[in-house]
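Student: compute the structure for the input listed below.
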Amino acid sequence: MGVTVQTNPPQGETPQIIRRINAAYDWDGPDDPDDPRNFPALQRIFSISVIAALAFVSCFAGAIYAPAQELVMDEFRESPLVAVLPLSLYNLGLAFGPLVGAPLSERYGRKIVFVATTPVFVLFMLGAGFARTMAGLVACRFFAGIFASPNINNASATILDYTRGQYRGLSLGIYYSMPSLGATVGPLVGGFVVRSQGWRWTQWVAIIVTVAAYVPVLFTPETYKRVVLRRRALKMGLSDTSSHRMTLGRAIRHFFTVLILRPFHMLCTEPIVTFVSLYNGFIIGLLYAFVVSVPWIFQHYYGFNQTSESLSYLGITLGTLVACVPFVLIDIFYYQRRLQTWQSARGSEEQMSPEHRLISAMVGSILLPTSLIIAGWTAHFHIHWMVPIFFQGMTMVASLLIYAGANLFMLDAYGPLYGASAASAMMFSRYFLSFAFPLFSLRVFQALGVGWATTILAGCTVLMAPIPWLFFAYGPRIRARSKYETSS
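Tutor: Modelled structure (predicted):
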(Lines give C-alpha, C1' and ligand atoms only; values in the text may rest on other atoms or scores of the structure.)
Protein backbone atom coordinates (compact mmCIF):
# COMPACT_ATOMS: atom_id res chain seq x y z
CA MET A 1 0.00 0.00 0.00
CA GLY A 2 1.44 3.39 -0.97
CA VAL A 3 0.93 6.36 1.29
CA THR A 4 0.91 10.12 0.83
CA VAL A 5 2.44 12.11 3.68
CA GLN A 6 3.78 15.63 4.18
CA THR A 7 7.08 16.17 2.41
CA ASN A 8 8.75 17.95 5.35
CA PRO A 9 6.80 17.20 8.52
CA PRO A 10 7.44 19.47 11.51
CA GLN A 11 9.92 18.21 14.05
CA GLY A 12 8.24 15.92 16.59
CA GLU A 13 5.52 14.71 14.23
CA THR A 14 7.67 12.07 12.56
CA PRO A 15 7.13 9.33 15.20
CA GLN A 16 3.38 9.93 15.07
CA ILE A 17 3.38 9.65 11.27
CA ILE A 18 5.40 6.43 11.47
CA ARG A 19 2.89 4.99 13.93
CA ARG A 20 0.03 5.91 11.61
CA ILE A 21 1.75 4.29 8.66
CA ASN A 22 2.48 1.12 10.65
CA ALA A 23 -1.14 0.98 11.81
CA ALA A 24 -2.19 0.95 8.17
CA TYR A 25 -0.05 -2.12 7.48
CA ASP A 26 -0.76 -4.30 10.51
CA TRP A 27 -2.55 -4.45 13.85
CA ASP A 28 -0.85 -2.07 16.26
CA GLY A 29 -0.74 -4.71 18.98
CA PRO A 30 -2.67 -7.62 20.52
CA ASP A 31 -5.33 -5.21 21.80
CA ASP A 32 -5.97 -3.39 18.52
CA PRO A 33 -9.71 -2.51 18.65
CA ASP A 34 -10.07 -3.01 14.88
CA ASP A 35 -8.94 -6.65 15.16
CA PRO A 36 -12.14 -8.76 15.06
CA ARG A 37 -10.70 -10.96 17.80
CA ASN A 38 -10.96 -7.98 20.16
CA PHE A 39 -14.59 -7.15 19.38
CA PRO A 40 -17.03 -7.43 22.32
CA ALA A 41 -17.96 -11.02 23.11
CA LEU A 42 -21.64 -10.54 22.29
CA GLN A 43 -20.79 -9.06 18.90
CA ARG A 44 -18.47 -11.97 18.08
CA ILE A 45 -21.05 -14.55 19.18
CA PHE A 46 -23.77 -12.83 17.15
CA SER A 47 -21.63 -12.60 14.02
CA ILE A 48 -20.38 -16.18 14.19
CA SER A 49 -23.92 -17.45 14.80
CA VAL A 50 -25.46 -15.69 11.80
CA ILE A 51 -22.59 -16.67 9.49
CA ALA A 52 -22.91 -20.32 10.59
CA ALA A 53 -26.70 -20.11 10.12
CA LEU A 54 -26.23 -18.92 6.53
CA ALA A 55 -23.93 -21.87 5.84
CA PHE A 56 -26.52 -24.17 7.40
CA VAL A 57 -29.36 -22.94 5.17
CA SER A 58 -27.18 -23.18 2.06
CA CYS A 59 -26.92 -26.95 2.60
CA PHE A 60 -30.50 -27.16 3.87
CA ALA A 61 -31.74 -25.68 0.58
CA GLY A 62 -29.95 -28.37 -1.36
CA ALA A 63 -31.11 -31.38 0.63
CA ILE A 64 -34.73 -30.30 1.20
CA TYR A 65 -35.39 -31.40 -2.39
CA ALA A 66 -34.65 -35.08 -1.62
CA PRO A 67 -38.23 -36.10 -0.62
CA ALA A 68 -39.64 -34.31 -3.68
CA GLN A 69 -38.17 -36.70 -6.23
CA GLU A 70 -41.25 -38.88 -6.70
CA LEU A 71 -43.59 -35.94 -7.26
CA VAL A 72 -41.12 -34.32 -9.66
CA MET A 73 -40.78 -37.61 -11.50
CA ASP A 74 -44.57 -37.86 -11.87
CA GLU A 75 -45.09 -34.22 -12.90
CA PHE A 76 -42.37 -34.14 -15.53
CA ARG A 77 -42.67 -37.83 -16.48
CA GLU A 78 -39.00 -38.50 -16.00
CA SER A 79 -37.00 -41.50 -14.79
CA PRO A 80 -35.74 -41.79 -11.19
CA LEU A 81 -32.21 -41.03 -12.39
CA VAL A 82 -33.29 -37.74 -13.95
CA ALA A 83 -35.44 -36.84 -10.94
CA VAL A 84 -32.41 -36.99 -8.63
CA LEU A 85 -30.38 -34.59 -10.79
CA PRO A 86 -31.68 -31.40 -9.08
CA LEU A 87 -30.23 -32.76 -5.83
CA SER A 88 -26.94 -33.97 -7.32
CA LEU A 89 -26.29 -30.96 -9.54
CA TYR A 90 -26.93 -28.55 -6.67
CA ASN A 91 -24.08 -30.33 -4.88
CA LEU A 92 -21.92 -30.14 -7.98
CA GLY A 93 -22.58 -26.40 -8.12
CA LEU A 94 -21.19 -26.14 -4.60
CA ALA A 95 -17.81 -27.26 -5.98
CA PHE A 96 -17.55 -24.17 -8.18
CA GLY A 97 -18.42 -21.65 -5.48
CA PRO A 98 -14.82 -20.62 -4.74
CA LEU A 99 -14.54 -19.34 -8.31
CA VAL A 100 -17.31 -16.88 -7.44
CA GLY A 101 -16.56 -16.07 -3.81
CA ALA A 102 -12.77 -15.99 -3.61
CA PRO A 103 -12.14 -13.08 -6.02
CA LEU A 104 -14.77 -10.99 -4.24
CA SER A 105 -13.36 -11.90 -0.84
CA GLU A 106 -9.78 -11.09 -1.82
CA ARG A 107 -10.60 -7.64 -3.17
CA TYR A 108 -13.64 -6.45 -1.23
CA GLY A 109 -13.71 -8.55 1.95
CA ARG A 110 -15.64 -11.42 3.43
CA LYS A 111 -18.90 -9.63 4.10
CA ILE A 112 -19.41 -8.63 0.48
CA VAL A 113 -19.34 -12.31 -0.48
CA PHE A 114 -22.34 -13.04 1.73
CA VAL A 115 -24.13 -9.84 0.77
CA ALA A 116 -23.62 -10.17 -2.99
CA THR A 117 -23.98 -13.89 -3.69
CA THR A 118 -26.91 -14.81 -1.44
CA PRO A 119 -29.53 -12.75 -3.36
CA VAL A 120 -28.40 -14.40 -6.62
CA PHE A 121 -28.73 -17.79 -4.91
CA VAL A 122 -32.28 -16.88 -3.85
CA LEU A 123 -33.17 -15.80 -7.39
CA PHE A 124 -32.11 -19.15 -8.82
CA MET A 125 -34.06 -20.96 -6.08
CA LEU A 126 -37.04 -18.84 -7.11
CA GLY A 127 -36.50 -19.97 -10.69
CA ALA A 128 -36.40 -23.60 -9.53
CA GLY A 129 -39.72 -23.15 -7.73
CA PHE A 130 -41.38 -21.77 -10.87
CA ALA A 131 -39.68 -24.20 -13.30
CA ARG A 132 -42.03 -25.75 -15.86
CA THR A 133 -39.50 -28.11 -17.42
CA MET A 134 -37.05 -30.57 -15.96
CA ALA A 135 -34.18 -28.84 -17.73
CA GLY A 136 -35.15 -25.52 -16.14
CA LEU A 137 -35.35 -27.08 -12.69
CA VAL A 138 -31.97 -28.77 -13.03
CA ALA A 139 -30.27 -25.64 -14.40
CA CYS A 140 -31.66 -23.35 -11.70
CA ARG A 141 -30.68 -25.73 -8.94
CA PHE A 142 -27.14 -26.06 -10.35
CA PHE A 143 -26.60 -22.29 -10.45
CA ALA A 144 -28.23 -21.93 -7.03
CA GLY A 145 -25.56 -24.30 -5.72
CA ILE A 146 -22.79 -22.21 -7.28
CA PHE A 147 -23.97 -19.04 -5.54
CA ALA A 148 -24.76 -20.84 -2.27
CA SER A 149 -21.28 -22.30 -2.01
CA PRO A 150 -19.47 -19.09 -0.97
CA ASN A 151 -21.69 -18.98 2.12
CA ILE A 152 -20.16 -22.30 3.17
CA ASN A 153 -16.58 -21.80 2.01
CA ASN A 154 -16.28 -18.26 3.37
CA ALA A 155 -17.85 -19.02 6.75
CA SER A 156 -14.89 -20.93 8.20
CA ALA A 157 -12.45 -18.15 7.23
CA THR A 158 -14.74 -15.55 8.82
CA ILE A 159 -15.03 -17.57 12.02
CA LEU A 160 -11.23 -17.82 12.19
CA ASP A 161 -11.04 -14.03 11.87
CA TYR A 162 -12.88 -13.85 15.19
CA THR A 163 -11.00 -16.70 16.88
CA ARG A 164 -7.53 -16.78 18.41
CA GLY A 165 -5.21 -19.49 17.15
CA GLN A 166 -5.40 -21.79 20.16
CA TYR A 167 -9.18 -21.98 19.81
CA ARG A 168 -9.38 -22.64 16.07
CA GLY A 169 -9.96 -26.38 16.60
CA LEU A 170 -12.76 -25.70 19.05
CA SER A 171 -14.54 -23.16 16.84
CA LEU A 172 -14.13 -25.05 13.57
CA GLY A 173 -15.04 -28.36 15.18
CA ILE A 174 -18.42 -26.87 16.12
CA TYR A 175 -18.85 -25.13 12.77
CA TYR A 176 -18.03 -28.23 10.70
CA SER A 177 -21.25 -29.86 11.90
CA MET A 178 -23.42 -27.05 10.50
CA PRO A 179 -23.35 -27.87 6.75
CA SER A 180 -23.88 -31.57 7.46
CA LEU A 181 -26.70 -30.72 9.85
CA GLY A 182 -28.34 -28.67 7.10
CA ALA A 183 -28.08 -31.66 4.77
CA THR A 184 -29.86 -33.91 7.29
CA VAL A 185 -32.50 -31.45 8.53
CA GLY A 186 -33.40 -30.55 4.92
CA PRO A 187 -35.01 -33.88 3.94
CA LEU A 188 -36.64 -34.24 7.37
CA VAL A 189 -38.45 -30.92 6.86
CA GLY A 190 -38.90 -31.54 3.15
CA GLY A 191 -40.84 -34.73 3.77
CA PHE A 192 -43.53 -32.90 5.72
CA VAL A 193 -43.59 -30.02 3.24
CA VAL A 194 -44.01 -32.29 0.21
CA ARG A 195 -46.96 -34.15 1.70
CA SER A 196 -48.79 -31.02 2.84
CA GLN A 197 -47.98 -28.48 0.12
CA GLY A 198 -46.33 -30.20 -2.84
CA TRP A 199 -42.77 -30.30 -4.10
CA ARG A 200 -42.56 -26.63 -5.15
CA TRP A 201 -42.95 -25.57 -1.56
CA THR A 202 -39.59 -27.20 -0.77
CA GLN A 203 -38.09 -24.35 -2.79
CA TRP A 204 -40.28 -21.69 -1.18
CA VAL A 205 -39.40 -22.90 2.32
CA ALA A 206 -35.70 -22.85 1.44
CA ILE A 207 -36.05 -19.26 0.19
CA ILE A 208 -37.91 -18.14 3.34
CA VAL A 209 -35.29 -19.70 5.62
CA THR A 210 -32.44 -18.21 3.56
CA VAL A 211 -33.89 -14.69 3.69
CA ALA A 212 -34.37 -15.01 7.45
CA ALA A 213 -30.72 -16.01 7.84
CA TYR A 214 -29.49 -13.37 5.38
CA VAL A 215 -30.94 -10.24 6.97
CA PRO A 216 -28.84 -10.44 10.20
CA VAL A 217 -25.68 -10.81 8.09
CA LEU A 218 -26.22 -7.24 6.88
CA PHE A 219 -25.51 -6.06 10.42
CA THR A 220 -22.19 -7.89 10.84
CA PRO A 221 -18.85 -6.08 10.42
CA GLU A 222 -16.11 -6.78 7.89
CA THR A 223 -13.41 -9.09 9.28
CA TYR A 224 -10.90 -9.63 6.48
CA LYS A 225 -7.64 -8.13 7.76
CA ARG A 226 -6.43 -6.70 4.44
CA VAL A 227 -9.71 -4.87 3.82
CA VAL A 228 -10.01 -3.63 7.41
CA LEU A 229 -6.50 -2.19 7.28
CA ARG A 230 -7.13 -0.62 3.87
CA ARG A 231 -10.24 1.12 5.18
CA ARG A 232 -8.40 2.24 8.30
CA ALA A 233 -5.65 3.75 6.17
CA LEU A 234 -8.17 5.77 4.21
CA LYS A 235 -9.80 7.03 7.42
CA MET A 236 -6.38 8.11 8.65
CA GLY A 237 -5.83 10.12 5.48
CA LEU A 238 -3.30 7.72 3.97
CA SER A 239 -4.14 7.32 0.33
CA ASP A 240 -4.36 3.86 -1.28
CA THR A 241 -2.15 3.93 -4.37
CA SER A 242 -1.93 1.58 -7.30
CA SER A 243 1.01 -0.24 -5.76
CA HIS A 244 -1.45 -2.19 -3.65
CA ARG A 245 -3.94 -2.83 -6.38
CA MET A 246 -3.99 -5.80 -8.70
CA THR A 247 -4.35 -5.27 -12.40
CA LEU A 248 -7.00 -7.38 -14.10
CA GLY A 249 -4.34 -9.58 -15.65
CA ARG A 250 -2.57 -10.15 -12.34
CA ALA A 251 -5.88 -10.88 -10.62
CA ILE A 252 -6.83 -13.48 -13.25
CA ARG A 253 -3.41 -15.17 -13.00
CA HIS A 254 -3.55 -15.12 -9.20
CA PHE A 255 -6.98 -16.74 -8.93
CA PHE A 256 -6.29 -19.21 -11.73
CA THR A 257 -3.19 -20.33 -9.86
CA VAL A 258 -4.58 -20.34 -6.31
CA LEU A 259 -8.05 -21.69 -7.09
CA ILE A 260 -7.42 -24.08 -9.97
CA LEU A 261 -3.81 -25.00 -10.77
CA ARG A 262 -2.37 -25.21 -7.27
CA PRO A 263 -5.26 -27.16 -5.67
CA PHE A 264 -5.25 -29.75 -8.45
CA HIS A 265 -1.47 -29.98 -8.38
CA MET A 266 -1.57 -30.54 -4.62
CA LEU A 267 -4.38 -33.05 -5.03
CA CYS A 268 -2.22 -35.09 -7.42
CA THR A 269 1.21 -34.68 -5.82
CA GLU A 270 0.71 -34.16 -2.07
CA PRO A 271 -0.14 -37.40 -0.19
CA ILE A 272 -1.72 -35.46 2.68
CA VAL A 273 -4.06 -33.55 0.39
CA THR A 274 -4.80 -36.62 -1.73
CA PHE A 275 -5.80 -38.93 1.09
CA VAL A 276 -7.52 -36.34 3.29
CA SER A 277 -9.58 -35.29 0.25
CA LEU A 278 -10.41 -38.91 -0.56
CA TYR A 279 -11.45 -39.73 3.00
CA ASN A 280 -13.47 -36.58 3.59
CA GLY A 281 -15.02 -36.75 0.13
CA PHE A 282 -16.20 -40.28 0.80
CA ILE A 283 -17.68 -39.19 4.13
CA ILE A 284 -19.89 -36.54 2.53
CA GLY A 285 -20.83 -39.05 -0.15
CA LEU A 286 -21.87 -41.42 2.62
CA LEU A 287 -24.06 -38.69 4.13
CA TYR A 288 -25.91 -38.23 0.84
CA ALA A 289 -26.20 -41.99 0.42
CA PHE A 290 -28.23 -41.89 3.63
CA VAL A 291 -30.18 -38.83 2.50
CA VAL A 292 -31.57 -40.68 -0.54
CA SER A 293 -31.85 -44.18 0.94
CA VAL A 294 -33.03 -43.81 4.56
CA PRO A 295 -36.77 -43.46 3.72
CA TRP A 296 -36.64 -46.54 1.51
CA ILE A 297 -34.87 -48.58 4.22
CA PHE A 298 -37.51 -47.92 6.85
CA GLN A 299 -40.43 -48.23 4.44
CA HIS A 300 -39.14 -51.50 2.98
CA TYR A 301 -37.96 -53.21 6.19
CA TYR A 302 -40.26 -51.70 8.80
CA GLY A 303 -43.33 -50.64 6.87
CA PHE A 304 -43.06 -46.98 7.83
CA ASN A 305 -45.76 -44.76 6.36
CA GLN A 306 -44.94 -41.43 4.71
CA THR A 307 -44.96 -39.47 7.97
CA SER A 308 -42.73 -42.00 9.69
CA GLU A 309 -40.36 -42.01 6.70
CA SER A 310 -39.57 -38.36 7.36
CA LEU A 311 -38.97 -39.09 11.03
CA SER A 312 -36.51 -41.79 10.02
CA TYR A 313 -34.07 -38.96 9.31
CA LEU A 314 -33.93 -38.22 13.03
CA GLY A 315 -31.04 -40.64 13.53
CA ILE A 316 -28.62 -38.94 11.15
CA THR A 317 -29.95 -35.51 12.16
CA LEU A 318 -29.42 -35.98 15.89
CA GLY A 319 -26.11 -37.73 15.25
CA THR A 320 -24.88 -34.74 13.26
CA LEU A 321 -26.22 -32.34 15.88
CA VAL A 322 -24.29 -33.92 18.77
CA ALA A 323 -21.23 -34.90 16.73
CA CYS A 324 -19.32 -31.78 17.73
CA VAL A 325 -19.50 -32.74 21.43
CA PRO A 326 -16.92 -35.57 21.39
CA PHE A 327 -14.69 -33.53 19.08
CA VAL A 328 -14.78 -30.56 21.46
CA LEU A 329 -14.00 -32.85 24.41
CA ILE A 330 -11.01 -34.33 22.56
CA ASP A 331 -9.81 -30.84 21.66
CA ILE A 332 -10.11 -29.55 25.24
CA PHE A 333 -8.81 -32.55 27.17
CA TYR A 334 -6.21 -33.83 24.70
CA TYR A 335 -5.05 -31.14 22.28
CA GLN A 336 -5.37 -28.00 24.44
CA ARG A 337 -3.67 -29.56 27.46
CA ARG A 338 -0.74 -30.77 25.40
CA LEU A 339 -0.52 -27.45 23.58
CA GLN A 340 -0.28 -25.55 26.89
CA THR A 341 2.44 -27.90 28.15
CA TRP A 342 4.29 -27.60 24.85
CA GLN A 343 4.19 -23.79 24.83
CA SER A 344 5.05 -23.49 28.53
CA ALA A 345 8.14 -25.65 28.07
CA ARG A 346 9.33 -23.44 25.19
CA GLY A 347 8.17 -20.10 26.57
CA SER A 348 6.49 -19.19 23.29
CA GLU A 349 3.27 -19.60 21.33
CA GLU A 350 4.86 -22.12 18.99
CA GLN A 351 2.38 -24.68 17.68
CA MET A 352 2.71 -28.43 18.17
CA SER A 353 3.17 -30.75 15.22
CA PRO A 354 -0.03 -31.03 13.14
CA GLU A 355 -0.27 -34.78 13.77
CA HIS A 356 -1.83 -34.14 17.20
CA ARG A 357 -4.96 -32.95 15.38
CA LEU A 358 -5.53 -36.51 14.13
CA ILE A 359 -6.65 -38.08 17.41
CA SER A 360 -10.34 -37.52 16.71
CA ALA A 361 -9.96 -38.91 13.17
CA MET A 362 -8.28 -42.02 14.56
CA VAL A 363 -11.21 -42.58 16.92
CA GLY A 364 -13.72 -41.98 14.13
CA SER A 365 -11.91 -44.34 11.74
CA ILE A 366 -12.74 -47.25 14.06
CA LEU A 367 -16.24 -46.11 14.97
CA LEU A 368 -17.40 -45.50 11.38
CA PRO A 369 -17.25 -49.01 9.83
CA THR A 370 -18.50 -50.55 13.07
CA SER A 371 -21.56 -48.29 13.12
CA LEU A 372 -22.27 -48.89 9.43
CA ILE A 373 -22.21 -52.68 9.81
CA ILE A 374 -24.51 -52.63 12.85
CA ALA A 375 -26.92 -50.13 11.25
CA GLY A 376 -27.19 -52.18 8.07
CA TRP A 377 -27.59 -55.68 9.44
CA THR A 378 -29.91 -54.78 12.32
CA ALA A 379 -32.25 -53.29 9.72
CA HIS A 380 -31.80 -56.34 7.49
CA PHE A 381 -32.90 -58.66 10.32
CA HIS A 382 -35.77 -56.35 11.35
CA ILE A 383 -34.37 -55.66 14.81
CA HIS A 384 -36.29 -52.81 16.46
CA TRP A 385 -36.09 -49.69 14.27
CA MET A 386 -34.50 -47.67 17.07
CA VAL A 387 -31.29 -49.69 16.74
CA PRO A 388 -30.46 -48.89 13.09
CA ILE A 389 -31.57 -45.28 13.62
CA PHE A 390 -29.20 -44.98 16.58
CA PHE A 391 -26.25 -46.44 14.69
CA GLN A 392 -26.97 -44.32 11.63
CA GLY A 393 -26.57 -41.40 14.01
CA MET A 394 -23.28 -42.87 15.24
CA THR A 395 -21.99 -42.96 11.66
CA MET A 396 -22.54 -39.20 11.54
CA VAL A 397 -20.66 -38.75 14.83
CA ALA A 398 -17.76 -40.81 13.46
CA SER A 399 -17.84 -38.95 10.16
CA LEU A 400 -17.47 -35.54 11.81
CA LEU A 401 -14.65 -36.78 14.04
CA ILE A 402 -12.78 -37.86 10.92
CA TYR A 403 -13.65 -34.80 8.87
CA ALA A 404 -12.75 -32.22 11.52
CA GLY A 405 -9.58 -33.94 12.70
CA ALA A 406 -8.19 -34.68 9.23
CA ASN A 407 -9.09 -31.24 7.90
CA LEU A 408 -7.46 -29.39 10.81
CA PHE A 409 -4.36 -31.58 10.40
CA MET A 410 -4.13 -30.58 6.75
CA LEU A 411 -4.70 -26.87 7.49
CA ASP A 412 -2.06 -26.86 10.23
CA ALA A 413 0.39 -28.69 7.99
CA TYR A 414 0.15 -26.26 5.08
CA GLY A 415 -0.37 -23.05 7.03
CA PRO A 416 -2.11 -19.91 5.80
CA LEU A 417 -0.06 -19.73 2.60
CA TYR A 418 -1.03 -23.08 1.08
CA GLY A 419 -3.84 -24.13 3.40
CA ALA A 420 -6.45 -22.36 1.26
CA SER A 421 -5.37 -24.26 -1.83
CA ALA A 422 -5.34 -27.55 0.08
CA ALA A 423 -8.83 -26.79 1.39
CA SER A 424 -10.03 -26.00 -2.14
CA ALA A 425 -8.78 -29.38 -3.35
CA MET A 426 -10.54 -31.12 -0.47
CA MET A 427 -13.78 -29.21 -1.01
CA PHE A 428 -13.82 -30.09 -4.70
CA SER A 429 -13.47 -33.78 -3.83
CA ARG A 430 -16.15 -33.43 -1.14
CA TYR A 431 -18.70 -31.79 -3.40
CA PHE A 432 -17.96 -33.98 -6.41
CA LEU A 433 -18.67 -37.14 -4.42
CA SER A 434 -21.79 -35.55 -2.91
CA PHE A 435 -22.86 -35.05 -6.53
CA ALA A 436 -22.09 -38.65 -7.53
CA PHE A 437 -23.44 -40.67 -4.59
CA PRO A 438 -27.14 -39.75 -4.93
CA LEU A 439 -27.06 -40.94 -8.55
CA PHE A 440 -26.50 -44.58 -7.64
CA SER A 441 -26.93 -45.06 -3.86
CA LEU A 442 -30.64 -45.87 -3.77
CA ARG A 443 -30.38 -48.33 -6.65
CA VAL A 444 -27.52 -50.13 -4.88
CA PHE A 445 -29.58 -50.41 -1.69
CA GLN A 446 -32.59 -51.69 -3.64
CA ALA A 447 -30.53 -54.21 -5.60
CA LEU A 448 -28.38 -55.60 -2.75
CA GLY A 449 -30.50 -54.92 0.31
CA VAL A 450 -29.53 -52.73 3.23
CA GLY A 451 -27.20 -55.30 4.82
CA TRP A 452 -24.91 -55.87 1.86
CA ALA A 453 -25.09 -52.28 0.63
CA THR A 454 -23.90 -50.92 3.97
CA THR A 455 -21.29 -53.70 4.13
CA ILE A 456 -19.79 -52.41 0.88
CA LEU A 457 -19.74 -48.88 2.28
CA ALA A 458 -18.20 -50.16 5.51
CA GLY A 459 -15.58 -52.05 3.52
CA CYS A 460 -14.55 -48.82 1.81
CA THR A 461 -14.22 -47.09 5.17
CA VAL A 462 -12.11 -49.99 6.47
CA LEU A 463 -9.73 -49.51 3.54
CA MET A 464 -9.45 -45.81 4.38
CA ALA A 465 -9.27 -46.26 8.17
CA PRO A 466 -5.43 -46.52 8.26
CA ILE A 467 -5.06 -43.02 6.72
CA PRO A 468 -5.06 -40.97 9.97
CA TRP A 469 -3.02 -43.62 11.77
CA LEU A 470 -0.33 -43.62 9.08
CA PHE A 471 -0.22 -39.83 9.02
CA PHE A 472 0.10 -39.80 12.81
CA ALA A 473 3.06 -42.19 12.63
CA TYR A 474 4.79 -40.98 9.45
CA GLY A 475 3.43 -37.45 9.06
CA PRO A 476 6.71 -35.64 9.83
CA ARG A 477 8.55 -37.66 7.15
CA ILE A 478 5.81 -37.05 4.60
CA ARG A 479 5.72 -33.33 5.37
CA ALA A 480 9.51 -33.08 5.11
CA ARG A 481 9.30 -34.14 1.45
CA SER A 482 6.52 -31.71 0.57
CA LYS A 483 7.03 -28.76 -1.77
CA TYR A 484 4.24 -26.86 -0.02
CA GLU A 485 4.27 -27.80 3.65
CA THR A 486 4.98 -24.85 5.95
CA SER A 487 4.25 -26.00 9.50
CA SER A 488 7.86 -26.76 10.32
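Student: roughly how far apart are the one residue sitting closest to the centre of the chain and S429?
Tutor: Central residue of the chain (Cα atoms, centre = their mean): I152, 5.2 Å from the mean position. Distance, I152 to S429, by Cβ to Cβ, to the nearest Å: 15 Å. For every residue, glycine as well, the C-beta is placed using N, CA and C.
Student: quick revisit: wait, what's in contact with the residue nearest to the centre of the chain?
Tutor: By Cβ atoms under 8 Å, 6 or more residues apart in numbering, I152 lies in contact with 55, 58-59, 94, 97, 179.
Student: surely W469 meets I359?
Tutor: No - here W469 lies out of contact with I359, judged by Cβ atoms under 8 Å, at a distance of 10.7 Å.
Student: give me the common contacts of those two.
Tutor: Counting by Cβ under 8 Å, 6+ apart, nothing touches both W469 and I359.
Student: show me where this structure dips below the pLDDT cut-off.
Tutor: When residues are selected by pLDDT under 70, those of the chain lie in 1-25, 99-100, 102-103, 106, 238-252, 254-255, 258-259, 347-350, 416-417, 485-488.
Student: what's the following helix or strand after whichever helix in the chain runs longest?
Tutor: Longest among the helix segments of the chain by residue count, using DSSP state H, is helix 386-464. Sequence order places helix 466-480 as the next helix or strand after helix 386-464, per DSSP states H and E.
Student: so which bits of that following helix are buried?
Tutor: Neighbour counts over helix 466-480 (16 or more other Cβ atoms under 10 Å) mark 467-468, 471-472, 475, 478-479 as buried.
Student: ok, those residues vs L170, which is closest?
Tutor: Among those, P468 lies closest to L170 (Cβ to Cβ), at 19.4 Å.
Student: what sits against the closest one?
Tutor: 279, 358, 361-362, 365, 402, 405-406, 409.
Student: just W377 next, same as before
Tutor: Counted by Cβ under 8 Å, 6+ apart, W377 has contacts 451, 454-455.
Student: how close does T117 get to A148?
Tutor: T117 is 8 Å from A148, by Cβ to Cβ.
Student: for the two, indicate the residue with more neighbours.
Tutor: Per other Cβ atoms under 10 Å, whichever of T117 and A148 has more neighbours is A148, with 31 against 22.
Student: which residue comes closest to the more buried one once chain neighbours are left out?
Tutor: Counting by Cβ to Cβ, 6 or more residues apart in numbering, A148 lies nearest to S58, which is 4.0 Å off, once chain neighbours are set aside.
Student: count of neighbours near the one you found?
Tutor: For S58, using other Cβ under 10 Å, the count is 31.
Student: same question, A447
Tutor: Around A447 there are 10 residues (other Cβ under 10 Å).
Student: ok, L71 next?
Tutor: 16.
Student: residue contacts, it?
Tutor: 194, 198-199.
Student: so how far is T210 from it?
Tutor: From L71 to T210 the distance is 22 Å (Cβ to Cβ).
Student: again with R430
Tutor: 21 Å.
Student: return the member of the buried residues of helix 466-480 nearest to P354.
Tutor: G475 (6.8 Å).
Student: got a list of what the closest residue to the closest one other than its chain neighbours touches?
Tutor: Excluding the flanking residues, the one nearest G475 by Cβ to Cβ, 6+ apart is E355, at 4.4 Å. By Cβ under 8 Å, 6+ apart, E355 lies in contact with 409, 471-472, 475-476.
Student: ok, those residues vs P33, which is closest?
Tutor: Using Cβ to Cβ, the contacts of E355 come closest to P33 at F409, 33.6 Å.
Student: touching, that closest one and V276? I think so.
Tutor: Yes - taking contacts as Cβ under 8 Å, F409 lies within contact range of V276: 7.2 Å.
Student: could you pull out the strands for the stretch 51-200 of the chain?
Tutor: In the stretch 51-200 of the chain, no segments count as strands under DSSP state E, counting those that start in this stretch.
Student: how about the helices in it?
Tutor: Along the stretch 51-200 of the chain, counting by DSSP state H, counting those that start in this stretch, helices occupy 69-76, 80-83, 85-95, 97-108, 110-130, 134-162, 168-175, 177-197, 200-217.
Student: contacting residues around the shortest one?
Tutor: Spelled out, it's helix 80-83. With Cβ under 8 Å, 6+ apart as the criterion, helix 80-83 contacts 69-70, 72-73, 76, 134, 439, 442-443.
Student: could you dump those into TSV and include neighbour count?
Tutor: Shown next, in TSV, are the contacts of helix 80-83 (neighbours: other Cβ atoms under 10 Å):
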residue	neighbour count
Q69	22
E70	13
V72	23
M73	18
F76	16
M134	18
L439	16
L442	23
R443	15
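Student: so can I have TSV of the residues you listed showing distance to A420?
Tutor: Converted to TSV, the contacts of helix 80-83 look like this (distance: Cβ to Cβ, whole Å):
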residue	distance to A420
Q69	36
E70	41
V72	37
M73	40
F76	40
M134	37
L439	30
L442	35
R443	37
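Student: check which residues of the host helix or strand of A379 are buried.
Tutor: Taking DSSP H and E as the definition, one finds A379 inside helix 359-380. Buried residues in helix 359-380, counted by 16+ other Cβ under 10 Å: 359-365, 367-380.
Student: export the contacts of I152 to a markdown table and append columns for distance to Y484.
Tutor: Converted to a markdown table, the contacts of I152 look like this (distance: Cβ to Cβ, whole Å):
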| residue | distance to Y484 |
| --- | --- |
| A55 | 27 |
| S58 | 29 |
| C59 | 29 |
| L94 | 25 |
| G97 | 23 |
| P179 | 26 |
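Student: for Y418, state which of these is nearest.
Tutor: G97 (19.8 Å).
Student: surely that closest one meets A148?
Tutor: Yes - G97 lies in contact with A148 (Cβ under 8 Å); the separation is 7.1 Å.
Student: S441 against V294, yeah?
Tutor: No - the pair S441 / V294 is not scored as a contact, 10.3 Å apart, by Cβ under 8 Å.
Student: and F409 and V276? Which one has more around it.
Tutor: The neighbour comparison of F409 against V276 (other Cβ under 10 Å) goes to V276, with 30 against 26.
Student: which parts of whichever strand or helix holds the more buried one are buried?
Tutor: For V276, the host element (DSSP H and E) is helix 271-302. For helix 271-302, the neighbour count (16+ other Cβ under 10 Å) marks 271-298, 301-302 as buried.
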